[in-house]
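J.: Okay, sequence plus prediction incoming.
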Amino acid sequence: MSQGNSSPRQLESFVSGAWRKGGENGKTLLNAATGAPVALIDSSGLDFAGALNWGRSVGGANLGKYSFHERAAMLKALAKALMAQREEFYQESLATGATRKDGWIDIEGGIGTLFAYSSKARRELPNTRVLTDGAVEALSGDDSFSAQHIFTPLRGIAVHINAFNFPCWGMLEKIAPSLIAGVPCLVKPASQTAYLTELMVRRILETGILPDGALQLVSGSAGDLLDHLTGQDVLTFTGSAATGQMLKQHPVVIGNTARFSMEADSLNASILGPDAGPGAPEFDLFIKEVAREMTVKAGQKCTAIRRVIVPGGLQEPVIEALKARLAKTVVGDPAQETTRMGPLASLDQRNEVRNCIRKLSQGAEIVFGNPDECIIESGDADKGAFLNPVLLHASAPKEAAVVHEVEAFGPVATVMAYETPEDAVDLAQRGKGSLVASVFTNDRSVAEDIVLGMAPYHGRILIGNRESAGASTGHGSPLPSLVHGGPGRAGGGEELGGMRSVKHYMQRTAVQGDPELLSAVTGRWMPGANPHAGGIHPFRQSLETLHVGEQFTTAAREVTLADIEHFADFTGDTFYAHMDEAAARANPFFNGRVAHGYLILSFAAGLFVDPAPGPVLANYGVDNLRFLTPVNPGDYLKVRLTCKEINPRINADYGEVRWDASVTNQDNEVVAHYDVLTMVAKVWPQMMAAE
Ligand code: NDP
């Protein structure tokens with residue numbers, strides 16, 4: 001959209017239901033490789049208080065009408081629509097300095113995050129609008145007073161302030177969990193690359209998939225945005241520590257206790273294990289990973305390796321191997337296929353990185369590259385923000401505080417040596433908390449010492465070795481299912497991590513009361529809530545007629561010694577507790593021979609199953625199974641089955657039903673307790689005919 005010789009386009013913000021221009025032309029954003037004007041950006045005069053209110057009232061109310069599964073389906077539809085239009089984003093992405101490969105991380109990595117959140121939400125969350133958290137807490141002996149923790153979506157808006165390096169992924173990885181939670185978003189991308197975010201938001205809104213108010217965009221500076229945050233809002237920030245700390249201390253953020261999450265500069269380390277010298281596969285993997293992390297996105301990744309920590313005596317081979325790899329990095333115009341590394345995002349950014357290299361030079365010497373020289377194969381050396389890779393070596397890393405403090409946000413890393421694994425951990429910790437670290441080793445005790453030593457200081461740790469190399473996603477890739485964030489200097493925030501991050505946009509509340517009313521609140525049956533006995537076997541009911549709380553108690557059946565011996569013979573499970581009276585009596589848990597746990601389960605199924613073809617299509621597992629009381633020959637078992645939760649699937653003619661199964665003996669002692677998981681038809685023809 002911004003390529004060619006056309007005049008720069010004026011970016012717009014989408015606030016309070018309309019695309020709006022700022023009051024002035026604003027700042028000109030330049031192509032990172034050519035210096036040509038790409039876009040003008042300005043947000044002056046926009047009504048931010050109105051935008052936040054519109055998001056909360058219209059977006060929040062609209063999203064609140066949908067279940068987790070329905071919102072997950074929206075993300076999937078959105079991901080498909082964006083994927084179909086990805087070439088347009090790749091074209092726009094070139095202006096940011098991103099090569100095709102860099103763009104892939106940002107664009108398809110971001111869209112992939114939507115797909116992943118959609119799929120995980122449908123698999124891991126119920127198809128409801130409220131989430132239960134943990135087990136029911138029984139607060140009375142007779143089940144008349146219980147408690148259940150629940151999560152409900154905050155009634156505010158999520159304001160996502162993002163960094164310049166991932167204009168697509170940075171937005172998508174944050175809106176995915178917010179939208180699944182049911183919380184509307186206002187995205188403020190970094191100005192430098194906001195034209196790509198603006199394009200993607202246009203395409204998102206054009207699909208009409210998201211309800212009104214679910215997504216807004218501010219192109220340009222944040223103005224007085226934060227002055228209007230409330231205690232129901234969430235502010236997330238990615239960028240420099242200096243800005244992050246300023247936002248964290250914003251009087252309104254503090255005064256209203258708005259939720260705040262920060263992901264900032266991080267001096268990520270990668271450690272080469274003492275076992276991984278030249279010739280070991282881990283040595284080669286390490287070199288490849290460090291060189292890759294230095295050059296992908298020209299090192300402008302929050303997860304890039306900044307500190308290369310190697311065994312004493314291996315500095316030379318590591319430096320030589322890295323030099324050989326880095327020398328092959330073709331730097332130039334990201335549009336050229338031969339280019340391996342494009343420019344930095346802007347000339348300002350290059351100045352900043354050069355300054356940082358100067359600072360690093362106070363504690364380390366440059367062993368490869370010259371920050372003031374520009375060797376490129378294509379592109380404009382004067383107007384493009386090119387910077388060739390720079391490798392430094394700190395010979396006394398414990399005396400050189402600067403190498404653990406200064407983050408050069410570009411293709412820059414510093415090699416330093418350690419003596420013992422504890423020493424390596426000590427060096428890594430001097431970064432004061434990072435997003436990610438890696439260790440390359442094939443030694444179990446090195447892996448244990450280094451990972452456990454570093455874990456409190458990191459949000460993610462990758463262990464690299466020969467066995468995982470083929471499948472490894474690498475040091476620098478945050479994954480939707482894994483936590484992304486780190487303590488201390490890295491900001492103390494936590495993003496992604498699958499459904500964990502959805503809960504960052506929800507309030508956890510402990511609700512106490514009569515289980516009947518708690519069931520009404522959560523949509524889940526719990527012990528103590530009134531059961532419903534409809535007179536029809538629950539397995540004869542489709543989702544059309546089945547209700548949460550529907551209960552069925554079976555007849556009793558005796559467990560005989562012959563049953564136990566038959567089961568042992570049939571399955572081959574002749575464990576002494578089932579077969580040898582004297583040995584079983586000697587066991588502190590048993591009073592003579594006992595029935596197999598799985599025999600109890602099998603008898604239970606035999607008692608509660610309705611055998612004829614019907615709406616119950618399949619049994620796909622049991623959850624939370626516990627055997628609580630031994631069953632001896634002569635005991636009588638019966639089962640109480642209660643419909644605990646119903647999750648109709650979207651776009652399918654069936655859904656999941658979770659049943660509470662309680663198996664008791666003749667003294668009403670619970671011998672086994674578990675959840676039975678079944679797939680049940682939404683409509684069942686025979687059932688309807690019978691009615
Ligand atoms: P900044 O911290 O300046 O900007 C990050 C985001 O914050 C941008 O969206 C920016 O908007 C916004 N912002 C800046 N000031 C305010 C404010 N007063 N109120 C509200 N929002 C504000 O980072 P830069 O993008 O300038 O990058 C600087 C350095 O940060 C890099 O050199 C690098 O060291 C580090 N960085 C770290 C990243 C990480 O993921 N850890 C990612 C990117 C950068 P605007 O652009 O409109 O000013």
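T.: Noted; the coordinates are in hand. Since this is a predicted model, take the numbers as computed values, not measurements.

J.: ok, and the helix or strand in the protein with the lowest average confidence?
T.: Ranked by mean pLDDT, DSSP states H and E, the helix or strand of the chain with the weakest confidence is helix 685-690, at a mean of 50.

J.: Could you grab the helix/strand/coil label for the nearest residue to Lys682 once chain neighbours are set aside?
T.: Distances taken as Cβ to Cβ, 6 or more residues apart in numbering place Leu543 nearest to Lys682, at 4.6 Å, with adjacent residues excluded. Any C-beta I mention is one placed from the backbone N, CA and C, and that applies to glycine too. Judged by DSSP: H, G, I helix; E, B strand; the rest coil, the three-state class of Leu543 is coil.

J.: any idea how far Ser67 is from Leu543?
T.: 14 Å (Cβ to Cβ, to the nearest Å).

J.: Tell me if I am right that Leu186 is in a strand.
T.: Yes. Applying three-state DSSP, one finds Leu186 inside a strand.

J.: Near the residue in the stretch 301-450 of the chain that the ligand sits nearest to, how many residues? Count them for me, please.
T.: Closest residue of the stretch 301-450 of the chain to the ligand, Cβ to the nearest ligand atom: Cys302 (2.7 Å). Residues lying near Cys302 (other Cβ atoms under 10 Å) number 27.

J.: is it true that it lies in a helix?
T.: No. With three-state DSSP as the criterion, Cys302 is coil rather than part of a helix.

J.: tell me the contacts of it?
T.: By Cβ atoms under 8 Å, 6 or more residues apart in numbering, the residues touching Cys302 are 163, 165, 238, 263, 265-266, 435.

J.: can you tell me which of those are in strands?
T.: In strands, defined here by DSSP state E, the members of the contacts of Cys302 are 238, 263, 435.

J.: who's the first one bridged to?
T.: In this case it means Thr238. Beta-bridge pairing for Thr238 (DSSP bridges): Glu263.

J.: ok, it - how many residues close by?
T.: Look at Thr238: counted by other Cβ under 10 Å, it has 26 neighbours.

J.: residue contacts, the residue nearest the centre of the chain?
T.: Centrality entry for the chain: nearest residue to the mean C-alpha point is Leu496, 2.3 Å, by Cα atoms, centre = their mean. Residues in contact with Leu496 (Cβ under 8 Å, 6+ apart) are 113, 173, 177, 478-485.

J.: Show me just the buried residues among the residues you listed.
T.: Among the contacts of Leu496, those scoring as buried are 113, 173, 177, 478-480, 482-485 (criterion: 16 or more other Cβ atoms under 10 Å).

J.: overlap between these and the residues near the ligand?
T.: Counting by Cβ under 6 Å from any ligand atom, nothing from the buried ones among the contacts of Leu496 sits close to the ligand.

J.: for the residues you listed, which one is nearest Asn53?
T.: Pro177 (22.7 Å; Cβ to Cβ).

J.: Report all helices and strands that the helix or strand encompassing the closest one contacts.
T.: Assigned by DSSP states H and E, Pro177 belongs to helix 169-181. If you count contacts as 3 or more Cβ pairs under 8 Å, 6 or more residues apart in numbering; DSSP states H and E, helix 169-181 packs onto helix 68-84, helix 100-124, strand 158-161, strand 185-188, helix 194-207, strand 234-238, strand 495-496, helix 499-502.

J.: Need the winner for burial among the ones you listed.
T.: Across the helices and strands packed on helix 169-181, averaging neighbours per residue (mean count of other Cβ atoms under 10 Å) puts strand 185-188 on top, at a mean of 27.

J.: other SSEs contacting that strand?
T.: Contacting strand 185-188 under the criterion 3+ Cβ pairs under 8 Å, 6+ apart are the following elements: strand 158-161, helix 169-181, strand 215-217.

J.: That one: how far from the chain's middle?
T.: The chain centre lies 19 Å from the centre of strand 185-188; the measure is Cα atoms, centre = their mean, to the nearest Å.

J.: Strand partners (parallel or antiparallel) of that strand?
T.: strand 158-161 (parallel), strand 215-217 (parallel).

J.: Mind putting these into CSV with distance to the ligand and mean pLDDT?
T.: Below are the strands paired with strand 185-188 laid out as CSV (distance: least, Cβ to the nearest ligand atom, whole Å; pLDDT from 0 to 100):
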stretch, distance to the ligand, mean pLDDT
strand 158-161, 5, 98
strand 215-217, 12, 98
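
J.: Please tell me how far the residue of the stretch 301-450 of the chain closest to the ligand sits from Ser270.
T.: 15 Å.

J.: Assign the residue lying farthest from the centre of the chain to helix, strand or coil.
T.: Largest separation from the mean C-alpha position in the chain: Ala582, at 53.2 Å (Cα atoms, centre = their mean). State at Ala582, reduced to three classes by three-state DSSP: helix.

J.: give the contact list for the closest residue to Phe409 other than its chain neighbours.
T.: The shortest distance from Phe409 to any non-neighbouring residue, by Cβ to Cβ, 6+ apart, is to Gln300 (5.6 Å). Gln300 is in contact with 164-165, 344-345, 349, 409-410, counting by Cβ under 8 Å, 6+ apart.

J.: near the ligand too, which of those?
T.: Among these, proximity to the ligand is found for 164-165, 409 (Cβ under 6 Å from any ligand atom).

J.: Among these, which one has the most neighbours?
T.: In terms of neighbour count, Asn165 stands highest of those at 29 neighbours, by other Cβ under 10 Å.

J.: Distance of Ala158 relative to Asn530?
T.: Distance of Ala158 to Asn530, computed by Cβ to Cβ: 39 Å.

J.: typo on my end, it should be Ala214
T.: 38 Å.

J.: Those two - which one has more neighbours?
T.: The residue with more neighbours, out of Ala214 and Asn530, is Ala214; 25 against 11, by other Cβ under 10 Å.

J.: Does that one touch Leu63 like I think?
T.: Yes. Counting by Cβ atoms under 8 Å, Ala214 does reach Leu63; the two are 5.6 Å apart.

J.: Name the residues contacting each of those two.
T.: Residues touching both Ala214 and Leu63 by Cβ under 8 Å, 6+ apart: 179, 184.

J.: burial count for Met679?
T.: By other Cβ under 10 Å, the residues close to Met679 number 16.

J.: Quick one: residues contacting it.
T.: The neighbourhood of Met679, defined by Cβ under 8 Å, 6+ apart, consists of 616-618, 620, 654-657.

J.: now the residues you listed: which count as buried?
T.: 616, 654-657.

J.: which ones among those residues are found in strands?
T.: Going by DSSP E, the strands hold 616, 654-657 from the buried ones among the contacts of Met679.
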